[in-house]
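J.: Predicted model and sequence follow; I will ask about them next.
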There are 2 protein chains.
Amino acid sequence: MEYNKMSPAQLEAEYAAVSQRFEKLKGKGLKLDMSRGKPGKEQLDLVSDILTVLQKPEDCVENGFDVRNYGELTGLPCAKTYFADVLGCKPEECFIGGNASLTLMYDLIAKAFTHGLLHSEKPWCKLDTVKFLCPSPGYDRHFKVTESFGMDLITIPMTGTGPDMDAVEEAVKDPAVKGIWCVPKYSNPDGIIYSDETIRRIASLKPAAPDFVVMWDNAYCIHEFEGDYVPFPDILSLCREAGNPDMVFEFASTSKVTFPGAGVSVMASSAENIKYMVSLLTFQTISYDKVNQLRHVRYLKDKAHTLELMKKHAAILGPKFRTVLDALEREIAPLGIASWKRPSGGYFVSLDTEDGLAKRTLALCKEAGVVMTGAGATFPYGKDPRDRNIRIAPSLPPVAELEMAIDVFCVCLRLAALEKRLGK
Amino acid sequence: MEYNKMSPAQLEAEYAAVSQRFEKLKGKGLKLDMSRGKPGKEQLDLVSDILTVLQKPEDCVENGFDVRNYGELTGLPCAKTYFADVLGCKPEECFIGGNASLTLMYDLIAKAFTHGLLHSEKPWCKLDTVKFLCPSPGYDRHFKVTESFGMDLITIPMTGTGPDMDAVEEAVKDPAVKGIWCVPKYSNPDGIIYSDETIRRIASLKPAAPDFVVMWDNAYCIHEFEGDYVPFPDILSLCREAGNPDMVFEFASTSKVTFPGAGVSVMASSAENIKYMVSLLTFQTISYDKVNQLRHVRYLKDKAHTLELMKKHAAILGPKFRTVLDALEREIAPLGIASWKRPSGGYFVSLDTEDGLAKRTLALCKEAGVVMTGAGATFPYGKDPRDRNIRIAPSLPPVAELEMAIDVFCVCLRLAALEKRLGK
């Protein structure tokens, strides 16, 4: 029965029952973690063969080039071909980075700040105000990159089809608005795929700032955990066709394909943008780890072969997500105290409680030994204006632990909803 | 016979002979490279076992921690212990980076520019003028990092014992002078080791800028190619004892121990400095490549074991350096047209021609198919005021090629010296 339809007596009875369950769970001394989008051990074990794909000196030569020595700042040609295949862009649009796409994103923003982008009139550090659009709920690490450079973070509401494009189109009329963070496929945390209409409107933006940048973090481009691979348009082509060839930088990595933090990252953009970025990156490094680039290309081969591997990841992740989603469906849906989407890819379940319950729910979870992403983390400055969004990350714990963790979560959410109603 | 003691007729005869040799060499259509400090293939082959040191999931667990997943921004504890052993500092002073110490250096300077260092009054981008001391001849990539942020590069003469410390002590009285680049052991390119007196004076500097930084690039800390390992003082202790605990950042990497550009880097500094840097680096990455960190620690083990490997590198590099130095001794020394030092470690031979011969010599080399580091590269802005310093990098070519390359070089140098005397 929905909590809103319960009588005061029913609510008190429910509160007593739920409190008792909470105390019992607390007594178990659990130590569970649903806080970050980390792959689980079973997934890491899937790809062990990558460790030994290069064994001898001759394995390290690709097209006559010895990858063990300095050079090739923009990455191995075979790595560019690989990522172009995955992303649907051209090899010459790909710049291959190190172990973290976040670092490529940070370095891009940092260079905009210190030197400006290709079409900047001056470095952003010379401007009084720089504003950045943050579709929310979104990814805390994105927001923090721009926050760390003192930019004003502008919240853009997320809808079921991507960022609220009316709001975006209005916001970019301000020349101080310099960019937008996007996770277009299985958005973090909502798990939605931007609609074709949203993507078209983004590619066709006419921002007042000549150096407006779309930070297109395609982190989950091949990361379905239910069903088949969902084809996705190439944003670089769309921007080019819309007359905005230099407006977008796309990012991706193999962190959730092979090893998190020991994979290979890519930054894709127009040839002009890449050329400009190389003119700045050349001071930062001689080259990224090409041995690891070759290791990945030899192991992952191409998109088709990688999608087969992603099916194996899905076989591990699918049951974990179903555990969480089924528990929510069973325990929470009938009570009318929260809503969520049922994603088929990505690494998160995003849940909205009734207003004002997120912090309290997570405090209760912590008390019962379940660590979750902090309340508010999915909003700029870590402040959720309605204190309702909770990001659930089911990927790390084994299913047995996850069952316990989501059980604790459901009890805590119910308790928070009851406390609110009963003024406890 | 010294060229300065030759009669005009003797010079003309010599010119005719050397020209003939030059034309003959040119006719060979050589394509040789002594431009960069790249290890040769034989050195890369030495360390092939590192490719397979981690093979199975259980190999990737160190002290109960699975290095295949996200986390540990500051690096694996075992990697800190390893580098502390090599550098003679404490593990907690070590921050383990990615594949390039140059990137750590760049990121430090970039963060000084965007956010300031621990003792900065404001970010350097907010200052009208930032000056940086560049002991020269020095490493072009160092100078370019600071140049890329628009800093004024101040040339400090190099002496046989390190930077001219009288000049340094005078320069740091200017509060706009924010730091100094140092390669203290087997300096790039001179190959000298800073004297104890120089190191003591650096550690005891009293700069006007509270955030003055010593960029201590200990790139060749264990890189002897002749004789035994030369012990070297820990700059962190010396700065601490001199009351400058936060003045220095030390850098090193395994790029010339295992694979260039696929190794592990380290930044060592006071615990306070590391803490401050982590507070900024946490926005740039979740963690560096810890699989590669573990691979290195398992393979290199400790300093003693690494020094054994360095002996094997020395057995390859020693003959290459002797080929170059013996040729110079034989072909050039009697002529009195250049001087150089005989290093016992590092990756370079630094040669000073008579004033005004460097560019011409290297242009002739290029004509004859031998690529060298560009003339002037070892000075700020790529401008050698006396046009005399040439950096020779003998590490990459096999000895047979090196013999040809240094032969070409000697002929070109002689030709340049004769052209000058004869007004050709």
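T.: Thanks, I have the structure now.
J.: what's in contact with stretch A:41-54?
T.: Outside stretch A:41-54, the residues that touch it by Cβ atoms under 8 Å, 6 or more residues apart in numbering or on different chains are A:59-60, A:257-259, A:291, A:294-296, A:298-299, A:309, A:312-313, A:316-317, A:395, A:398, B:51-52, B:54-57, B:59-60, B:66, B:68-69, B:291. (C-beta placed from N, C-alpha, C; glycine too.)
J.: Just the buried subset of those, please.
T.: The neighbour-count test (16 or more other Cβ atoms under 10 Å in any protein chain shown) applied to those identifies A:59-60, A:257-259, A:291, A:294-296, A:299, A:309, A:313, A:316-317, A:395, B:51, B:54, B:57, B:59-60, B:68-69, B:291 as buried.
J.: Which of those residues fall in helices?
T.: Cross-referencing those against helices under DSSP state H gives A:291, A:294, A:295, A:296, A:299, A:309, A:313, A:316, A:317, B:291.
J.: ok, the third one to chain B distance?
T.: Same thing as residue A:295. Between residue A:295 and chain B the computed distance is 9 Å (Cβ to the nearest Cβ, to the nearest Å).
J.: do the same with the fourth one
T.: Spatial separation of residue A:296 from chain B under the definition Cβ to the nearest Cβ is 12 Å.
J.: Could I get the contacting residues of that residue?
T.: Per Cβ under 8 Å, 6+ apart, neighbours of residue A:296: A:50, A:79, A:82, A:254, A:258, A:263, A:264.
J.: which one of those has the most neighbours?
T.: residue A:264 (32 neighbours; other Cβ atoms under 10 Å in any protein chain shown).
J.: need the contacts of residue A:296 in CSV with pLDDT and secondary structure, can you?
T.: Shown next, in CSV, are the contacts of residue A:296 (pLDDT from 0 to 100; DSSP: H, G, I helix; E, B strand; the rest coil):
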residue, pLDDT, secondary structure
A:50, 98, helix
A:79, 98, helix
A:82, 98, helix
A:254, 98, coil
A:258, 98, coil
A:263, 98, coil
A:264, 98, coil
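J.: how about residue A:249, phi and psi?
T.: Per-residue torsions, residue A:249: phi -120, psi 130 (degrees, to the nearest 10).
J.: With residue A:350 instead?
T.: phi -110, psi 120.
J.: Need the contact partners of stretch A:57-69.
T.: For stretch A:57-69, the surrounding residues in contact (Cβ under 8 Å, 6+ apart) are A:53-54, A:72, A:76-78, A:290-291, A:293-294, A:297-298, B:38-39, B:41, B:44-45, B:48, B:51, B:259-262.
J.: Check the ones in helices among the buried ones among the contacts of stretch A:41-54 and tell me the two furthest apart.
T.: Largest separation among these by Cβ to Cβ: A:291 and A:317, giving 28.8 Å.
J.: Outside of stretch A:271-278 itself, which residues are in contact with it?
T.: A:73-74, A:92-95, A:108, A:111, A:117-118, A:245-246, A:249, A:267, A:269.
J.: partners of the least confident helix or strand in chain A by mean pLDDT in the sheet?
T.: Every helix and strand in chain A was compared by mean pLDDT, DSSP states H and E; the lowest is strand A:32-34, with a mean of 92. Counting by DSSP bridges, the strands paired with strand A:32-34 are strand A:370-372 (parallel).
J.: which element is the nearest residue to residue A:350 once chain neighbours are set aside on?
T.: Using Cβ to Cβ, 6 or more residues apart in numbering or on different chains and skipping the chain neighbours, the partner closest in space to residue A:350 is residue A:189 (3.9 Å). Per DSSP states H and E: residue A:189 is located in neither a helix nor a strand.
J.: contacting residues around residue A:189?
T.: A:137, A:138, A:139, A:348, A:349, A:350, A:373, A:378, A:389, A:391, A:392.
J.: Okay, now the unreliable bits of the stretch 101-250 of chain A?
T.: Applying pLDDT under 70 to the stretch 101-250 of chain A picks out no residues at all.
J.: Give me every residue in it lying close to chain B.
T.: Contact residues, the stretch 101-250 of chain A versus chain B (Cβ under 8 Å from any Cβ of the partner chain): A:102-103, A:106-107, A:110, A:113-115, A:123, A:125, A:141, A:144-145, A:148-149.
J.: Show me which of the contacts of stretch A:271-278 is closest to residue A:424.
T.: residue A:108 (48.2 Å).
J.: Now do the buried residues in the helix or strand that closest one falls within.
T.: Per DSSP H and E, residue A:108 falls inside helix A:101-114. Using 16+ other Cβ under 10 Å as the test for burial, helix A:101-114 gives A:101-114.
J.: quick revisit: how about residues contacting the least confident helix or strand of chain A?
T.: So strand A:32-34 is contacted by A:369-373, A:392-394, A:396-397, A:401-402, A:404-406, A:408-409 (Cβ under 8 Å, 6+ apart).
J.: Show me what counts as buried in it.
T.: For strand A:32-34, by 16+ other Cβ under 10 Å, it's A:32, A:34.
J.: neighbours of residue A:304, just the number please.
T.: Neighbour number of residue A:304 under other Cβ under 10 Å is 9.
J.: Wait, a strand at it?
T.: No - checked against DSSP: H, G, I helix; E, B strand; the rest coil, residue A:304 lies outside a strand; its state is helix.
J.: Let me see the ranges of the helices in chain A.
T.: Counting by DSSP H, the helices of chain A are A:8-27, A:41-46, A:77-87, A:101-114, A:140-148, A:165-171, A:196-203, A:235-241, A:271-281, A:290-300, A:303-327, A:358-367, A:399-422.
J.: what's the spacing between the fourth one and its chain's center?
T.: Yep, that's helix A:101-114 we're talking about. 17 Å (Cα atoms, centre = their mean, to the nearest Å).
J.: could you give the angle of that helix to helix B:101-114?
T.: Angle, helix A:101-114 to helix B:101-114, by axes from the mean of the first three to the mean of the last three Cα atoms, to 10 degrees: 40 degrees.
J.: Run the angle between helix A:101-114 and helix A:140-148 for me.
T.: 20 degrees.
J.: helices and strands around helix A:101-114, which ones?
T.: Secondary-structure packing of helix A:101-114 (3 or more Cβ pairs under 8 Å, 6 or more residues apart in numbering or on different chains; DSSP states H and E): helix A:140-148, strand A:213-217, strand A:248-253, strand A:265-268, helix A:271-281, helix B:101-114.
J.: gap between residue A:338 and residue A:345?
T.: 22 Å (Cβ to Cβ, to the nearest Å).
J.: let me redo that: residue A:357
T.: 27 Å.
J.: about what we covered before: and the two most separated of the contacts of stretch A:271-278?
T.: Farthest apart among the contacts of stretch A:271-278 - using Cβ to Cβ - are A:73 and A:245, which lie 22.3 Å from each other.
J.: which one is the residue of the stretch 301-424 of chain A found nearest chain B nearest to, not counting chain neighbours?
T.: Of all residues in the stretch 301-424 of chain A, residue A:396 sits closest to chain B, at 8.3 Å by Cβ to the nearest Cβ. Nearest residue to residue A:396, sequence neighbours excluded (Cβ to Cβ, 6+ apart): residue A:38, at 4.5 Å.
J.: Give me the pLDDT for that neighbour.
T.: Per-residue pLDDT puts residue A:38 at 94.
J.: what number of residues lie near it?
T.: 22.
J.: Quick one: residues contacting it.
T.: Residue A:38 touches A:260, A:393, A:395, A:396, B:69, B:70, counting by Cβ under 8 Å, 6+ apart.
J.: ok, so of those residues, who is nearest residue A:171?
T.: When the contacts of residue A:38 are compared against residue A:171 (criterion: Cβ to Cβ), the nearest one is residue A:393, at 29.3 Å.
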